[in-house]
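Asker: Dropping a prediction and its sequence here:
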Amino acid sequence: MKEILSQAVTALAAILQTRDTLLWDGKCATGVHIIVARGSTEAPGMGRAAPVARNATLLVPGSSIVTVDYPATFENYFISQAAGAAGFERLVLQHVEACPNTKIALIGYSQGAHALMDAICGAAGDAYQVSEKLTMALKEQVIASVGFGDPSHTAGAPWNAGTSNKTGLFARNNVTACEPYADRIRSYCDTGDIYCDLGDDAAIHGSYFANYSIAAADFIATQYMTIQLKNETVPAGDASSPDTPVKSGAKSLNRASWVGVVAGVVGTIGFLGML
């Protein structure tokens, strides 16, 4: 446990001192490989969703972050959004092919969340449909998907989080395709959001990361922990073989140890958020 805490502190220092990591360096993550899609009109990079991805790397040392390269424009919205969904697919399959043992988390904000959900569920029209290869990856490698302010938000979906009980601007008519992954998805939408709730308060659409960044990162870390314990593995600490999990016979962490690590780092993140 001390080793993991040490890795978390090292990751924290790196995050505070360096710019966002946007491109994959070709190495297999020993933690979670995180793919982020920014919101409409945000500059290329992680955009407002950056705190969620950063916090997740603190909770799961050895994680990596890449971003979806897509237009993220209001103009030709559906073309842009479909490109985002295709971008998620490309990055997921790229990593699965190179690093079949690494787990993946997806994060999207606004149009990026719409793209994320289309990558999981498919689009309502013909702009983008989920491929067979991606479906397999969603079953085996993608452990968590988190969206914020998704215009395709659908009232009553089992993965909904936040305060909204309404459907969004481009609500899905059918969520059946997403249901096999329901326990791996969180979609945050608050009452009044102009896009996911059809409200009238533009400020709410930009407020998610002040309210839910830590909870969303904790969801990703908990999903990862659950998979690791289920497979009787812990995060690989040997950098020479980053794509090989360490079996329980070598090093093992029980659930209580993992919860202690996560709680400690979450506390640190919360403290830093007040600085």
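Answerer: Okay, I see it.

Asker: Now the helix or strand where M136 lies: buried residues?
Answerer: In this structure, M136 sits in helix 132-140 according to DSSP states H and E. By neighbour count with 16 or more other C-beta atoms under 10 Å, helix 132-140 contains the buried residues 134, 137-138. (C-beta placed from N, C-alpha, C; glycine too.)

Asker: where exactly do the strands run in the stretch 151-275 of the chain?
Answerer: Remark: strands assigned in the stretch 151-275 of the chain by DSSP state E, counting those that start in this stretch are 160-161, 185-188, 233-234, 246-247.

Asker: what comes into contact with the helix holding M136?
Answerer: By C-beta atoms under 8 Å, 6 or more residues apart in numbering, the surrounding residues in contact with helix 132-140 are 89, 92-93, 96, 104, 119-120, 130, 180-181.

Asker: Who does the very next helix or strand once past that helix pair with, and is each partner parallel or antiparallel?
Answerer: Counting by DSSP H and E, the next helix or strand C-terminal to helix 132-140 is strand 142-148. Sheet pairing for strand 142-148, assigned by DSSP bridges, gives strand 103-109 (parallel), strand 185-188 (parallel).

Asker: do you know which of those strands lies nearest N165?
Answerer: Closest of these to N165 is strand 185-188, at 12.9 Å (criterion: C-beta to C-beta).

Asker: Now do the closest one: everything it contacts.
Answerer: Counting contacts by C-beta under 8 Å, 6+ apart, the residues outside strand 185-188 that touch it are 113, 117, 120, 144-150, 153, 157, 159-162, 178, 208, 212, 216, 219.

Asker: Pull the distance from that strand to the chain's centre.
Answerer: Between the centre of strand 185-188 and the centre of its host chain there is 10 Å, according to C-alpha atoms, centre = their mean, to the nearest Å.

Asker: Quick check: buried residues in it?
Answerer: Applying 16+ other C-beta under 10 Å to strand 185-188 flags 185-188 as buried.

Asker: Same check on stretch 39-59?
Answerer: By neighbour count on 16+ other C-beta under 10 Å, the buried set for stretch 39-59 is 39-40, 42, 46-59.

Asker: again, but for stretch 94-104
Answerer: Using 16+ other C-beta under 10 Å as the test for burial, stretch 94-104 gives 95-96, 99, 101-104.

Asker: Straight-line length of it, end to end?
Answerer: Taking C-alpha to C-alpha, to the nearest Å, stretch 94-104 runs 11 Å from one end to the other.

Asker: closest to D201 out of the strands paired with strand 142-148?
Answerer: strand 185-188 (15.2 Å).

Asker: Quick check: buried residues in stretch 149-165?
Answerer: Neighbour-count burial for stretch 149-165 flags 149-154, 157, 159-162, 164 (criterion: 16+ other C-beta under 10 Å).
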